[in-house]
Structures are given as C-alpha cells and as structure tokens.
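Q: Provided below for reference: sequence and predicted model.
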Amino acid sequence: MEYLVTMTTHVPDGTSGEAVDDIRAREAARTRELAAQGYVLRLWRPPLAPGEWRTLGLFAAADADELERVLASMPLRVWRSDEVKELTTHPNDPAPTSWSPHAPEGRETATEFVVTSTPTVPEGTPAKDVEEATAREAERATELAKQGHLVRLWVLPAEHGVSSSLGLWRADGDAEMRAILESLPLYPYLTTRTTKLTPHPSDPAAPGSRSLR
C-alpha cells in the first residue's frame, strides 16, 4: 500500500538549537535507512508560512499498522503530528507497479506539483458527455505520462460519498501546470486544488539524499 503523510513538527518552546540539530541529524539518518528499506518513497516541502515546519511524504507499507511503526521509529515523531491518507491505484496511473522517483531526461529542472481533483459535474449534464470525457481522459493521461508531466495518479479515500484523485505532476512552472490541467477532457467536471512542491533535502530522489538542514 502507498500512503501520503503530512508531517507537521512543533518544536517545544525553550528547546536548544543543539537539541534541534541533533534530532534533525538523527531524523535524516533514519530517513535514509527507511528509504533503503523501501518505506520512504518521496519527500517534499509544500508552501510554508513563516515558522512552519511541515513535510509531505509518500510512504509504502504493508498496511496501516506497519506504517505507524515506521512513522513512530522516526526521531522527529516526538515533536510531530502525522496526517495519513491511504492511496489506492487510479485506473489512469501510469506506473501502478514499479516506477522511478527520478525525473526523466529533459524534466530534471521541472517543478513538481500535487493536484487533488474532485468530481463536480454540473447539474443537468448528460451522462453521455461525462462518459465520453472519461474515455478521452485515459488517452490524455497516457500522452501526458509519456511527455513526463504525469508521474503518478491515485484515488483518495471517499469523503461524503465522493472519491477524489491525487496526481503527482511535473511542469515548467505554474502557467504550464494550469495549461496541462485545462487540457484534460474531464477538467470542466472537476474542482482542482494544486500544491506546488519544493525539494526536501532528504528526498530519496535527491542524489545522495542529503542531510537535513
């Protein structure tokens, strides 16, 4: 199973800089171990407000209990709260069984984004129109994956009876990401939320998975 984990850290008031540096160094070392064991797949930093300390992580584990043991083994867990979302494979996922976290040739400098797409079909829309758009969506997803834009696609747990999708994308900036989403046949029937990601120094996709700073 794959999981998206939002990790939010709150350092207790009065904690010394030396203590922070120590636990971050141990966190980086443990993250490298978990990545080598196949538990930590990717790490990113989402947009942060001043003073925020938050990380998005893509993890793999046999089940929720194993994931909890993995997260509990990370040194920063003593200061951290984790929000876990179980991910299931989307039929348009370009890499459901094996995939490389590294950018394909020509996409090394592209920005990564996560996009949540929730169905919001306008009332009165003919079912045939949505069915046709869904069929064309699969073709367009394949095209975008071959171009290096669509990396992964998952289904999120249903909320209020509605299942959203979560996509990991690469684009040369905000404008191109918008244009890509608007090119999707299902775009008129979706509400999308886009989060621009920045590299995390312990991301397993980064050369050497550098130590935290």
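A: Received, thanks.
Q: okay, CA-based contacts and neighbour counts for the rest of this
A: Will do.
Q: Where does pLDDT dip in this structure?
A: For the chain, the stretches with pLDDT under 70 are 96-108, 207-213.
Q: Now do the helices in it.
A: 17-36, 64-72, 127-146, 174-182 (DSSP state H).
Q: packing partners for the first one?
A: Using 3 or more C-alpha pairs under 8 Å, 6 or more residues apart in numbering; DSSP states H and E as the contact criterion, the neighbours of helix 17-36 among helices and strands are strand 40-45.
Q: how far out from the middle of the chain is the strand it packs on?
A: 8 Å (C-alpha atoms, centre = their mean, to the nearest Å).
Q: Then stretch 35-53?
A: Computed by C-alpha atoms, centre = their mean, the chain-centroid distance of stretch 35-53 equals 9 Å.
Q: got the end-to-end distance for that stretch?
A: In stretch 35-53, first residue to last residue: 21 Å (C-alpha to C-alpha, to the nearest Å).
Q: And for that stretch, what's in contact with it?
A: Here stretch 35-53 makes contact (C-alpha atoms under 8 Å, 6 or more residues apart in numbering) with 8-10, 31, 34, 54-61, 70, 101, 195-200, 202-205.
Q: Same list (the helices of the chain) but as a markdown table, adding distance to Val78 and mean neighbour count.
A: Converted to a markdown table, the helices of the chain look like this (distance: least, C-alpha to C-alpha, whole Å; neighbours: other C-alpha atoms under 10 Å):
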| stretch | distance to Val78 | mean neighbour count |
| --- | --- | --- |
| helix 17-36 | 10 | 16 |
| helix 64-72 | 8 | 15 |
| helix 127-146 | 39 | 14 |
| helix 174-182 | 36 | 14 |
